[in-house]
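Asker: just to be clear, the model below is a prediction. Sequence and coordinates:
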Amino acid sequence: PPRFGSAADYLAAADRLVELGIAADSTELLWELRPSARYPTLEFRIADACTDVDDAVLYAALARSLVRTLAASAAAGAEPSGLSDPEIRAARWRAARYGIGDTLWSPARAAVVPAATALDDLLAELRPDLERHGEYSAVAELLAAVRSRGTSAQRQREAFAARGDLDDVARLLVRITAAR
């Protein structure tokens, strides 16, 4: 969602969208990140379709650690990122478009950097939290595997490029799923 100054501001905006008939209720606000309407959690909607179980585990671990890390930072009085909503959307678009094979925005450096550097920065920022929860080694290992074999999107594009056949992509996804 756009940046809100408080939970009350978020709820007022959600209520207004429902009042205007744009959404039937807050569960129809398909922002990539939003407070759950039913549970005391945040819902991350970006990676709803991880094609590999290990990727889903990695994503969940990174998201959970990021929430814990940022919540602790906010509780300590730290100011949120100075990025505007358009800048955040542009950085997110770049990540969706180019994945980990190009460059990404690194909040730690306030710059676009090689994706490997941005991933290293993220892991370094989350490391204290991940270690505190006994998750660092597993996350580092899963991230190394993604870096080594590529993301699902990369592998799907490679499968298609080999012969230009979408059936090859489907067979790849079946192999990934059946491997579990």
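Answerer: Perfect, I can see it now. Residues are numbered from 1 along each chain as shown.
Asker: what stretches of the chain score poorly on pLDDT?
Answerer: By pLDDT under 70, the low-scoring segments of the chain are 46-48.
Asker: how close does the residue lying farthest from the centre of it get to residue 76?
Answerer: Most distant from the centre of the chain: residue 163, at 30.9 Å, with distances by C-alpha atoms, centre = their mean. In this view, residue 163 and residue 76 are 54 Å apart by C-beta to C-beta, to the nearest Å. Every residue, glycine included, has its C-beta placed from N, CA and C.
Asker: and what of residue 25?
Answerer: Between residue 25 and residue 76 the distance, using C-beta to C-beta, works out to 34 Å.
Asker: of the two, who's got more company?
Answerer: Shown here are residue 25 and residue 76; by other C-beta atoms under 10 Å, residue 25 has more neighbours (11 against 7).
Asker: excluding chain neighbours, what is closest to the more buried one?
Answerer: Of all residues beyond its chain neighbours, the one nearest residue 25 is residue 18 (6.0 Å), with distances taken as C-beta to C-beta, 6 or more residues apart in numbering.
Asker: strands along this protein, start to end?
Answerer: Using DSSP state E, the strands of the chain run over 33-35, 42-44, 103-106, 111-114.
Asker: most tightly packed of these?
Answerer: Comparing these on average neighbours per residue, with mean count of other C-beta atoms under 10 Å, the densest one is strand 103-106 at a mean of 19.
Asker: that strand packs against which elements?
Answerer: With contacts defined as 3 or more C-beta pairs under 8 Å, 6 or more residues apart in numbering; DSSP states H and E, the secondary structure elements packing on strand 103-106 are helix 85-98, strand 111-114, helix 115-132.
Asker: what's the angle between the first one and helix 115-132?
Answerer: In this case it means helix 85-98. Between the axes of helix 85-98 and helix 115-132, defined by axes from the mean of the first three to the mean of the last three C-alpha atoms, to 10 degrees, the angle is 100 degrees.
Asker: that'll do, ta.
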